[in-house]
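Asker: return a 3D structure for these sequence lines:
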Amino acid sequence: MSETGIVVVGAGQAGLQAAASLREAGYGGLLTMIGDEPSLPYQRPPLSKAYLAGKVDATGLFLRAPGFYADHGIACETSVEAVAIDRAARRVRLSDGRDLGYDHLVLATGSRNRPLPVPGTELAGVYQLRSIADADRIQAAIGEARSIAIVGAGFIGLEFASICAARGLSVTVIEAADRPMARAVSEPIATFFREVHESAGIRFLFGGGVQAIEGWAGRAASIVLSDGATCPADLVLIGIGVLPNQDLAAEAGLHVEDGIVVDSVLLTDDPSISAIGDCARFPTRFAAHGTARVESVQNAIDHGRCLAARITGRPAPYDAVPWFWSDQGGHKLQMVGLPGPSDVSVRRATAGGFTVFRYRGPHLTGIETVDSAAEHMAARRIIARGLSPTQDEAADPTFDLKALAMGRGGA
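Answerer: Below is the predicted model:
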């Protein structure tokens, strides 16, 4: 490669992993990361968990020590955005007016919070949680809040609800679906966590939306629900999902479809541009329709490693097993695979919690565990190998899941 080197747009988990893995794999050219936040790359999942709970400070979120970048010859540009790509000239225009040339461009642009399209979201006291700055603003506001409303019963909303309830605050969660985490987990998992949260004093309002957020003197005061009822709230967290940051790619003429479309080795339709992490839609045998866009630390890390291997001469199709986790109400939820909402659920008890197996016909599509770390590790191997114990075997607490995972059968 020439002296223009590799430019990584995005300084999150995927972008940093790509840069670090390139150096580990022996890439010796110029390597530049572009990040739009003032901070060095940091972990986002703890923002709604340990960081807001006060168990870790900002320095504890850093993905690498500050000296790592200079030590490894990685130029980490902060507080600047990539605003345009000139594919013909292989150059990226930055928000400060500079142009960077590239031999290869890596789009690790991540995702952004989905906006709530109702009046009142501009009021003081209305928040979304995506960055350290967001978390700091929310942390400062919690101490003054009397009533908290969370719009959206997804992972971030429920993790935040757990933290607030543990402080003895009044918390209401508003969800358009009929159960929490409806798009992500099975009915048995959703029911369990609903009961956990309700026992902690959290109130749920299911099956309705939000008409508006009403305020007083410029601050949020209540939420108007779709049926006209109101819910008091002087702190509102909006957590209704995310959208991929694909505009930069789309404006450059790359194929986008709820994500930047890539092939099995994470290349876009331009052989000089790759996309990885939350923003990328990639082919996978684990998805019902053959492609997926996965928002997880695991996917970001494995994408970064796969990309680095390809660029340094060891190409291999991306085939990592998708897995996720969430900490809520003192319980650990872990998930493997990409089951669909209509997949059949089979539950069995474990020593510390329980496991739910998801089936589409006879085929096992995913495994969810609550407080069952050993079963989760076995689940990763089972899904990776494409194994499908029968539904009767899955329901049998004496069936040895670990033995099956290790290739010894499950009897």
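Asker: in this protein, where is pLDDT below threshold?
Answerer: 1-3, 408-411 (pLDDT under 70).
Asker: next one: the lengthiest helix in it to chain centre, how far?
Answerer: Assignment by DSSP state H gives helix 297-311 as the longest helix of the chain. Centroid displacement of helix 297-311 relative to its chain, using CA atoms, centre = their mean, to the nearest Å, is 15 Å.
Asker: ditto for stretch 249-268
Answerer: 19 Å.
Asker: what comes into contact with that stretch?
Answerer: 84-85, 87, 107, 109, 244, 246, 269-270, 273-276, 279-283, 291, 293, 303, 306-307, 310, 315-318 (CB atoms under 8 Å, 6 or more residues apart in numbering). Glycine gets a C-beta too; all of them are placed from N, C-alpha and C.
Asker: the nearest residue to residue 82 once chain neighbours are set aside bridge partners, please.
Answerer: Nearest in space to residue 82, with sequence neighbours left out and distances taken as CB to CB, 6 or more residues apart in numbering, is residue 9 at 4.4 Å. Per DSSP bridges, the residues bridged to residue 9 are residue 34, residue 107.
Asker: was I right to think residue 9 contacts residue 19?
Answerer: No. Under the criterion of CB atoms under 8 Å, residue 9 is not in contact with residue 19, lying 11.5 Å apart.
Asker: where exactly do the strands run in the stretch 301-411 of the chain?
Answerer: Taking DSSP state E, counting those that start in this stretch to define them, one finds strands in the stretch 301-411 of the chain at 323-328, 331-337, 344-349, 354-360, 363-370.
Asker: what is the second one packed up against?
Answerer: Strand 331-337 is packed against helix 187-199, strand 323-328, strand 363-370, helix 373-385, with contacts defined by 3 or more CB pairs under 8 Å, 6 or more residues apart in numbering; DSSP states H and E.
Asker: list the contacts of the last one.
Answerer: Residues outside helix 373-385 that contact it (CB under 8 Å, 6+ apart): 286, 321, 323, 332, 334, 336-337, 350, 355, 364, 366-367, 369, 389, 401-402, 404-407.
Asker: are any of the residues you listed buried, and which?
Answerer: Buried positions within the contacts of helix 373-385, assessed by neighbour count (16 or more other CB atoms under 10 Å), are 286, 321, 323, 332, 334, 336-337, 350, 355, 364, 366-367, 369, 389, 401, 404-405.
Asker: returning to that earlier point: with distance to residue 190 as added columns, please give the strands of the stretch 301-411 of the chain in JSON lines.
Answerer: What follows is those, written out as JSON lines (distance: least, CB to CB, whole Å):
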{"stretch": "strand 323-328", "distance to residue 190": "11"}
{"stretch": "strand 331-337", "distance to residue 190": "10"}
{"stretch": "strand 344-349", "distance to residue 190": "10"}
{"stretch": "strand 354-360", "distance to residue 190": "10"}
{"stretch": "strand 363-370", "distance to residue 190": "10"}
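Asker: so how many other residues sit close to the residue nearest to residue 341 when sequence neighbours are not counted?
Answerer: Nearest non-adjacent residue to residue 341, counting by CB to CB, 6+ apart: residue 183, 6.4 Å away. By the criterion of other CB atoms under 10 Å, residue 183 has 9 neighbours.
Asker: use 22 as the first number from now on
Answerer: Okay, using 22 as the starting number, the last item reads as residue 204.
Asker: what sits against the residue nearest to residue 103?
Answerer: So residue 30 contacts 36, 55, 103, 113, 126, 127, 128, 129, 130, 269 (CB under 8 Å, 6+ apart).
Asker: check which helix or strand covers residue 155.
Answerer: helix 153-163 (DSSP states H and E).
Asker: so what touches the next helix or strand after that helix?
Answerer: Going down the chain from helix 153-163, the next helix or strand is strand 168-172, by DSSP H and E. Residues lying outside strand 168-172 but in contact with it, judged by CB under 8 Å, 6+ apart, are 137, 163, 178-179, 181-182, 185, 190-195, 231, 244, 252-261.
Asker: alpha carbons only: can I get strand 168-172 in PDB?
Answerer: Extracted in PDB, the C-alpha atoms of strand 168-172 (Å, rounded to 0.1, in the frame of the first residue of the first chain):
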ATOM      1  CA  SER A 168     -41.000  10.800  38.400                       C
ATOM      2  CA  ILE A 169     -39.200   9.000  35.500                       C
ATOM      3  CA  ALA A 170     -40.800   7.700  32.300                       C
ATOM      4  CA  ILE A 171     -39.000   5.500  29.800                       C
ATOM      5  CA  VAL A 172     -40.300   5.300  26.300                       C
END
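Asker: just name the most buried of the helices and strands packed on strand 352-358.
Answerer: strand 384-391 (a mean of 23; mean count of other CB atoms under 10 Å).
Asker: and it, how far from the chain's centre?
Answerer: That offset, for strand 384-391, works out to 19 Å (CA atoms, centre = their mean).
Asker: that one packs against which elements?
Answerer: Against strand 384-391 (3+ CB pairs under 8 Å, 6+ apart) you get helix 208-220, strand 352-358, strand 375-381, helix 394-406.
Asker: now with 10 Å, please.
Answerer: Under the contact criterion of 3 or more CB pairs under 10 Å, 6 or more residues apart in numbering; DSSP states H and E, strand 384-391 touches helix 208-220, strand 344-349, strand 352-358, strand 365-370, strand 375-381, helix 394-406, helix 412-416.
Asker: hmm, back to that, and the angle from the longest helix of the chain to helix 394-406?
Answerer: Taking axes from the mean of the first three to the mean of the last three CA atoms, to 10 degrees, one finds helix 318-332 and helix 394-406 inclined to each other by 40 degrees.
Asker: if we go by neighbour counts, what in helix 318-332 is buried?
Answerer: Quick answer for helix 318-332 (16+ other CB under 10 Å): 318-332.
Asker: over to stretch 409-419?
Answerer: 409, 410, 414, 415.
Asker: again with stretch 119-138
Answerer: Residues of stretch 119-138 classed as buried: 121-132, 134, 137 (neighbour count, 16+ other CB under 10 Å).
Asker: now do stretch 278-296
Answerer: Result for stretch 278-296 [16+ other CB under 10 Å]: buried residues 280, 281, 282, 283, 286, 287, 288, 289, 291, 294, 295, 296.
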